[in-house]
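Trainee: Fold the following.
(one chain, ligands or ions: 1)
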Amino acid sequence: MIRLRPRLLCASLLLVFGTAEADDPPQSGMVVAAHPLATQAGVDILDAGGTAIDAAIAIQAVLTLVEPQSSGIGGGAFMLHYDGATTDMQAYDGRETAPAAIEADHFLTEAGAPMDFLDAVPGGQAVGVPGTLRMLELAHEEHGERPWKTLFQPAIRLAEGGFEVTPRLAEMLRIDLPLEAFEPMAGYFFPDAEPISAGMTLTNPALADTLTEVANQGADAFYEGPIANSIVTRVQAHGGKLTREDMADYRAVERTPICRFIAGHSICGMPLPSSGGMTVLQILRLLEIANADTEETSELTWTHRLLEASRLGFADRNEYLGDTDFVDVPVDTLLSEDYLTGRAGLISPTQSMGKATPGLNDPDTAMSDAKLINHSTSHFSVLDAAGNAVSMTSSIEMPFGSRLMVGGFMLNNQLTDFRFDPEAADGRPHPNRVQPGKRPLSSMSPVIALDSDDQPRLIIGSPGGTRIIGYVAQRVADVLMRGKGVEAAIEAGNRVNRNSRTQVEADTDAQALAPGLEGLGHEVEIESMTSGLHGIERLPDGVIRGAADPRREGSVGRSTSPSLIDSVNH
Ligand code: GLU
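Mentor: Numbers count the residues shown, from 1 in each chain. The predicted structure follows:
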């Protein structure tokens with residue numbers, strides 16, 4: 001059982017019972033993250049006068065420790081930031097980059113065939129240059145208030161004093177690829193050759209040392225000092241091409257967020273190299289257009305249209321999208337009103353279109369299909385009292401990433417997000433092929449939607465591999481187009497289509513739609529789908545509400561004084 005401070009407990013109860021948010025103070029801050037200790041660290045920073053960015057750094061540091069299967073300083077991240085003073089939005093790209101020495105056939109077998117995905121995951125070959133810390137440093141320089149050094153103290157204290165292993169962390173060790181083969185990970189997660197179990201207290205002195213170095217010397221300690229050397233040595237010893245120059249050369253990038261006016265809101269997401277922003281926006285606008293000419297709003301028809309819009313979005317995603325620093329992508333065309341109006345015309349209310357073809361050409365062979373799902377990655381949302389907001393999705397790719405542990409943290413296997421085969425069957429080069437210095441295409445979809453006063457209305461995102469896009473689009477549509485509360489929207493069953501079979505979440509309201517969807521021509525799979533949606537909504541009167549996905553272990557916390565929270569709940 002995780003111990004919660006009374007304030008956090010009250011905040012969680014607020015979520016569980018869905019109590020009287022109407023009485024909540026309009027100008028309080030909020031954190032929703034994947035672990036109560038991470039939520040608490042963020043709340044503490046907000047309470048100490050920190051900004052949303054300050055809180056994000058503390059949250060990420062704690063997640064590195066307590067949710068090591070999902071994200072951390074050995075991985076990459078995408079972050080949207082809304083500046084409450086200027087009403088501007090920034091998109092920070094901390095995505096991993098491929099080493100300079102990587103070659104086009106990196107993920108091909110000697111016979112020239114694409115490697116099996118799970119063969120490429122463990123070891124050094126899929127480790128990209130971690131980007132999370134450089135990204136946080138860049139964002140902190142621009143929007144931080146509290147000293148960098150102080151933001152790592154909650155994580156350092158927990159790493160030294162220990163934290164309770166959660167059921168999910170223990171479970172991930174059981175369902176994942178063999179982990180015992182890689183030291184020092186094996187010694188950490190399998191002390192005395194037995195896996196750690198839920199409820200155990202785990203300390204991580206090596207991570208405490210790493211975070212102390214980073215706290216005292218900044219991100220340079222990670223990218224240029226002994227920590228960088230250890231990373232490079234470990235990766236090269238396991239067949240990777242990462243060098244000290246790759247580490248030292250890494251740059252986080254501040255990009256222009258991609259925003260469209262849909263459902264009366266300016267909805268913003270990450271630009272490429274995450275496909276999340278473009279594809280979520282395509283789906284939402286296609287859905288809006290398809291719904292415009294109808295009075296029919298049954299759950300079945302709504303879901304059918306959402307899934308058909310998703311087919312169209314994924315058809316384009318899989319064909320055209322890649323890192324725009326390396327390849328040309330017709331972003332404006334794919335999001336133009338003319339184009340989307342034409343595409344929406346393909347959505348029939350009475351019959352599924354089946355597999356959609358991409359909209360700008362009609363290739364004989366599709367470039368790629370969306371790849372398998374995994375159970376890692378983490379999303380958190382933050383709103384501070386000054387109105388600044390952060391929506392950040394962070395990942396080491398597969399659970400426990402590459403299995404390589406250095407300095408108490410896991411290194412990513414993010415390069416497996418590249419397409420393994422550099423060309424389609426007809427010889428066309430794939431926009432997401434492996435290239436030196438390039439960032440692999442992501443599905444991470446942090447979203448911030450602004451209302452007509454340019455105030456954040458919804459801050460949300462999720463883990464879930466390529467399903468992230470569907471998880472997020474469904475909730476943004478439910479909240480902004482159908483007026484659902486964020487909590488109800490997150491709890492509703494997942495419905496996903498990645499231009500293949502329709503998937504509905506087992507044992508939820510979505511499962512009941514299966515026969516109706518089959519009647520409309522969908523091939524339906526009923527599956528468990530572990531989204532990890534963590535969202536904050538702000539109502540027009542300034543009331544804020546948060547919700548953590550009940551499918552994972554997250555929590556909601558508020559940065560108001562305990563007495564104020566108490567008066568709300570009791
Ligand atoms: N590596 C994935 C991406 O960037 C995220 C993995 C996940 O969500 O499980 O799209």
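
Trainee: all contacts plus neighbour counts: C-alpha atoms, from now on.
Mentor: Noted.

Trainee: next one: the longest helix anywhere in the chain to chain centre, how far?
Mentor: The longest helix of the chain (DSSP state H) is helix 299-320. For helix 299-320, the separation from the chain centroid amounts to 20 Å (computed by C-alpha atoms, centre = their mean, to the nearest Å).

Trainee: Can you point out the buried residues in the helix or strand hosting I227?
Mentor: Using DSSP states H and E, I227 maps to helix 226-237. Neighbour-count burial for helix 226-237, counted by 16 or more other C-alpha atoms under 10 Å, picks out I227, A228, N229, S230, I231, V232, T233, R234, V235, Q236.

Trainee: Can I get it as CSV, trimmed to CA atoms?
Mentor: In CSV, the C-alpha atoms belonging to helix 226-237 read as follows (Å, rounded to 0.1, in the frame of the first residue of the first chain):
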residue,chain,number,x,y,z
PRO,A,226,31.4,10.2,-16.4
ILE,A,227,27.7,9.4,-16.7
ALA,A,228,27.9,9.8,-20.5
ASN,A,229,31.0,7.7,-20.6
SER,A,230,29.2,4.9,-18.6
ILE,A,231,26.2,5.0,-21.0
VAL,A,232,28.4,4.8,-24.1
THR,A,233,30.6,2.0,-22.7
ARG,A,234,27.5,-0.1,-21.7
VAL,A,235,25.8,0.5,-25.1
GLN,A,236,28.9,-0.4,-27.1
ALA,A,237,29.5,-3.5,-25.0
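
Trainee: I'd like the next helix or strand past it.
Mentor: helix 244-249.

Trainee: what about dumping the CA coordinates of that next one to PDB?
Mentor: What follows is helix 244-249, C-alpha atoms only, in PDB (Å, rounded to 0.1, in the frame of the first residue of the first chain):
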ATOM      1  CA  ARG A 244      30.500  10.200 -26.600                       C
ATOM      2  CA  GLU A 245      30.100  12.700 -29.500                       C
ATOM      3  CA  ASP A 246      26.500  11.600 -30.000                       C
ATOM      4  CA  MET A 247      25.900  12.300 -26.400                       C
ATOM      5  CA  ALA A 248      27.600  15.700 -26.400                       C
ATOM      6  CA  ASP A 249      26.000  16.700 -29.600                       C
END
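
Trainee: Could you point out the helix or strand that follows that helix?
Mentor: Immediately after helix 244-249, counting by DSSP H and E, sits strand 253-255.

Trainee: Neighbouring strands - and their directions - for the following helix or strand past that next one?
Mentor: Note on strand 253-255: by DSSP H and E, the next helix or strand toward the C-terminus is strand 258-262. Paired with strand 258-262 in the same sheet, following DSSP bridges, are strand 265-269 (antiparallel).

Trainee: Buried residues, the longest helix of the chain. List them.
Mentor: So for helix 299-320, counting by 16+ other C-alpha under 10 Å, buried means 300-301, 303-320.

Trainee: Check which helices and strands it is in contact with.
Mentor: With contacts taken as 3 or more C-alpha pairs under 8 Å, 6 or more residues apart in numbering; DSSP states H and E, helix 299-320 sits against helix 276-292, strand 495-497, helix 514-519.

Trainee: do that again at 10 Å, thanks
Mentor: helix 276-292, helix 331-334, helix 337-344, helix 468-482, strand 495-497, strand 502-505, helix 514-519 (3 or more C-alpha pairs under 10 Å, 6 or more residues apart in numbering; DSSP states H and E).

Trainee: Spell out which residues of the protein are next to the ligand.
Mentor: 374-377, 395, 397, 414, 417, 442-444, 463-466 (C-alpha under 6 Å from any ligand atom).

Trainee: Mind checking which of those are in strands?
Mentor: S395 (DSSP state E).

Trainee: need the contact list for N229.
Mentor: F222, Y223, V235, T243, R244, M247 (C-alpha atoms under 10 Å, 6 or more residues apart in numbering).

Trainee: Give me the below-cutoff pLDDT ranges for this protein.
Mentor: 1-27, 176-181, 364-374, 561-570 (pLDDT under 70).

Trainee: could you redo the last one with a cut-off of 50?
Mentor: 1-26, 561-570 (pLDDT under 50).

Trainee: So which residue is dead centre in it?
Mentor: Residue closest to the mean C-alpha point of the chain, counted by C-alpha atoms, centre = their mean, is T393 at 3.1 Å.

Trainee: count of neighbours near the closest residue to S394 other than its chain neighbours?
Mentor: Once flanking residues are discounted, S394 sits nearest to A77: 4.1 Å by C-alpha to C-alpha, 6 or more residues apart in numbering. For A77, the count of nearby residues is 31 (other C-alpha atoms under 10 Å).

Trainee: then the helix or strand containing A77 to CSV, C-alphas only?
Mentor: A77 belongs to strand 76-82 when elements are defined using DSSP H and E. Below are the C-alpha coordinates for strand 76-82, written out as CSV (Å, rounded to 0.1, in the frame of the first residue of the first chain):
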residue,chain,number,x,y,z
GLY,A,76,12.9,10.7,-24.5
ALA,A,77,9.8,12.9,-24.2
PHE,A,78,7.6,15.4,-25.8
MET,A,79,6.2,18.3,-23.9
LEU,A,80,3.6,21.0,-24.7
HIS,A,81,3.8,24.1,-22.5
TYR,A,82,1.2,26.8,-22.2
